[in-house]
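Chemist: got a predicted structure here, sequence first:
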Amino acid sequence: MRIAIVTGGSSGIGRSAAIQIAKRQTGVILTYSTNRSGALDTVATIEKEGGSAVALPLDVGRSETFPAFRESVAAALQATWQRDSFDVLVNNAGIGHLAVPFEETSEEMFGQLVRVLLKGPYFLTQTLLPLLADNGAIVNVTSSAAHDSGVAPGYSAYGAMKGGLNVLTRYMAKEFSARGIRVNSVAPGPTRTGFADNAFERFPDAITAAAATIALGRVGEPDDIGLAIAALVGDDGRWITAQNIEVSGGQNL
């Protein structure tokens with residue numbers, strides 16, 4: 001059985017990706033930071049549908065904890081699937097925020113975004129690489145905020161980090177290709193998740209405004225992105241690497 005690690009699998013896009021990947025006869029290790037109940041709910045959903053999953057705690061903003069996390073992964077692989085390696089890594093966990101003008105972006109905010117959105121995926125992948133099997137796959141979840149289609153005032157730092165992850169994706173694809181490991185990134189457009197303290201729920205008018213920028217007429221749902229991720233890491237995506245794929249319904253098309 002193939003095994004996938006999905007960071008941030010307690011809600012939103014990560015939860016959907018974990019469930020959709022599990023439906024493709026793949027065991028899943030999903031991570032959570034503070035939402036343990038959400039992670040356990042994801043595990044229960046996967047198991048109810050006949051799959052297998054394990055939830056492990058992880059703060060992607062604390063790279064000093066990554067070696068211990070790798071040990072937890074190794075133990076879970078052996079105990080649950082009798083494996084010493086895994087096949088898929090989805091770097092999804094992140095943070096969002098409401099628009100902050102460039103001149104009001106603090107060093108503290110910038111540093112937090114660096115740690116979680118760029119440094120975290122970089123060094124987590126580096127730490128887990130010895131356990132990642134040859135001919136595996138990695139998907140980095142970025143954002144349309146790093147594309148021309150998604151540029152909007154207030155997201156300069158967030159977009160810069162996601163843009164850096166797009167570039168990192170190509171370098172990973174180049175360096176890991178000798179082992180047959182494919183690396184791609186998926187860039188969601190406006191998606192109905194709990195990011196930025198449930199901003200869409202707190203500001204319902206924002207949904208209408210965002211939908212007006214989408215060619216297909218609505219904001220995204222987590223499954224719109226989760227299905228794309230599952231396809232990329234599965235056999236359907238076997239000849240795709242070093243690509244950044246915007247999944248936005250045609251944002252500002």
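Modeler: Now that the structure is in, tell me what you want to look at.
Chemist: list the contacts of Ile229.
Modeler: Shown in contact with Ile229 (CB atoms under 8 Å, 6 or more residues apart in numbering): 13, 17, 20-21, 90, 92, 139, 141, 186. Where C-beta positions appear, they are placed from N, C-alpha and C, glycine not excepted.
Chemist: if we go to 6 Å?
Modeler: Going by CB atoms under 6 Å, 6 or more residues apart in numbering, Ile229 touches 17, 90, 139, 186.
Chemist: just checking, next helix/strand downstream of the helix or strand where it lies?
Modeler: Element membership for Ile229, per DSSP states H and E: helix 222-233. Sequence-wise, the next helix or strand downstream of helix 222-233 (DSSP H and E) is strand 244-247.
Chemist: distance from that next one to the middle of the chain?
Modeler: 13 Å (CA atoms, centre = their mean, to the nearest Å).
Chemist: buried among the contacts of Ile229? Need that as a selection in ChimeraX.
Modeler: To isolate in ChimeraX the members of the contacts of Ile229 that are buried, counting by 16 or more other CB atoms under 10 Å, one can use:
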select :17,90,139,186
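Chemist: out of the contacts of Ile229, which is nearest to Thr80?
Modeler: Val90 (18.0 Å; CB to CB).
Chemist: doesn't Val6 make contact with the closest one?
Modeler: Yes. Between Val90 and Val6 there is a contact under CB atoms under 6 Å: 4.4 Å.
Chemist: what residues are shared contacts of these two?
Modeler: What both Val90 and Val6 touch, as defined by CB under 6 Å, 6+ apart, is the set Ala17.
Chemist: circling back to that earlier point, and the helix holding Ile229, average pLDDT?
Modeler: Taken as a whole, helix 222-233 carries a mean pLDDT of 98.
Chemist: and if you look at stretch 183-201?
Modeler: For stretch 183-201, mean pLDDT is 80.
Chemist: in the chain, which helix is the longest?
Modeler: Secondary structure assigned by DSSP state H gives helix 156-176 as the longest helix of the chain.
Chemist: so which bits of it are buried?
Modeler: Buried residues in helix 156-176, counted by 16+ other CB under 10 Å: 156-166, 168-170, 172-173, 176.
Chemist: immediately after that helix, which helix or strand?
Modeler: As assigned by DSSP H and E, the chain's next helix or strand after helix 156-176 is strand 182-188.
Chemist: helices or strands next to that next one in the packing?
Modeler: In terms of contacts (3 or more CB pairs under 6 Å, 6 or more residues apart in numbering; DSSP states H and E), strand 182-188 is packed against strand 132-141, helix 156-176, helix 222-233, strand 244-247.
Chemist: the shortest one pairs with which strands, parallel or anti?
Modeler: Take DSSP bridges as the rule and strand 244-247 pairs in its sheet with strand 182-188 (parallel).
Chemist: circling back: dump the helices and strands packed on strand 182-188 to a markdown table, plus distance to Ala211.
Modeler: Converted to a markdown table, those look like this (distance: least, CB to CB, whole Å):
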| stretch | distance to Ala211 |
| --- | --- |
| strand 132-141 | 21 |
| helix 156-176 | 21 |
| helix 222-233 | 13 |
| strand 244-247 | 16 |
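Chemist: end-to-end on stretch 146-154?
Modeler: Using CA to CA, to the nearest Å, the end-to-end distance of stretch 146-154 comes out at 13 Å.
Chemist: wait, stretch 142-155
Modeler: 13 Å.
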